[in-house]
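J.: quick one, what's the 3D model for this:
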Amino acid sequence: MAKLSTELEKYFWSEDRSSDVKLGDILELTGERIFGFLLVILSLPSALPVPAPGYSTPFGILIFLLAVQMIAGSKIPWLPEKMKKGSMKLETVQKFIKAGNPWLKRIEAITRPRMTYICTSVPGRVIIGVAICLMAISMMIPIPGTNTLPAIGIFITAFGLQEDDGFISLAGLVVCVIAGILSTSIIMAVIWGGSSLLDMIKESLGR
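T.: Presented below is the predicted three-dimensional model:
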């Protein structure tokens, strides 16, 4: 099976595409690794240090729906037809892929099937699904600081999932835990006032 980075380059540059890319079109690439692939693609825009205004909330909703289905044990995800028909400009998608592919290739260089039970067993997929659900909720919250790190956690976890690399997925889950702690502190700071953990880290680094 071809590497994800290779498939993305071929799909979005080597083949003729319309000016709009629909989510339903992207499903053509998934094959047997559909959950991991979709989660990687949907988390990528928010995980990159590239402005992606307006994408975190709708993509967070899609990620949440996929994660819930993983927890329920679904093998093939269901998405509303309206969401499948949702589209982005081809040049926008290409911009995200161009920025993200170097990182994909770095991760692909160190991934291989190992500790596969984490990605394939029912308990493992439930744990991964719960973690991704929580990160997706954080992505939906329109508060600065609650989107990027959770998306990175989803991206790493999902990449391990689609490559059957439990070690990478575990690393992603660690990022999810850190992201959850930071997001919770930011939300509490917004609601009750005071400094968030992220503010404290910034102040500490500033010194």
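
J.: can we go C-alpha only for contacts and neighbour counts from here?
T.: Fine.

J.: look up phi and psi at the residue sitting nearest the centre point of the chain.
T.: The centroid of the chain falls nearest to residue 43 when counting by C-alpha atoms, centre = their mean (2.7 Å). For residue 43, the backbone dihedrals (degrees, to the nearest 10) come out as phi -90, psi -20.

J.: measure residue 84 to residue 21 for me?
T.: Applying C-alpha to C-alpha, to the nearest Å, the value for residue 84 to residue 21 is 10 Å.

J.: which of these two has more residues huddled nearby?
T.: residue 21 (19 against 15; other C-alpha atoms under 10 Å).

J.: can you pull the contacts of that one?
T.: 87-90, 93 (C-alpha atoms under 8 Å, 6 or more residues apart in numbering).

J.: try it again with 10 Å
T.: Shown in contact with residue 21 (C-alpha atoms under 10 Å, 6 or more residues apart in numbering): 12, 85-93.

J.: tabulate the residues you listed (a markdown table), appending secondary structure.
T.: Shown next, in a markdown table, are these (DSSP: H, G, I helix; E, B strand; the rest coil):
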| residue | secondary structure |
| --- | --- |
| 12 | helix |
| 85 | coil |
| 86 | coil |
| 87 | strand |
| 88 | strand |
| 89 | strand |
| 90 | helix |
| 91 | helix |
| 92 | helix |
| 93 | helix |
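
J.: lowest-confidence one in the residues you listed?
T.: Lowest in pLDDT among these is residue 86, which has 70.

J.: and that residue, what does it touch?
T.: Taking C-alpha under 10 Å, 6+ apart, one finds 20-24 in contact with residue 86.

J.: tell me which of the residues you listed fall in strands.
T.: Counting by DSSP state E, these place 20-22 in strands.
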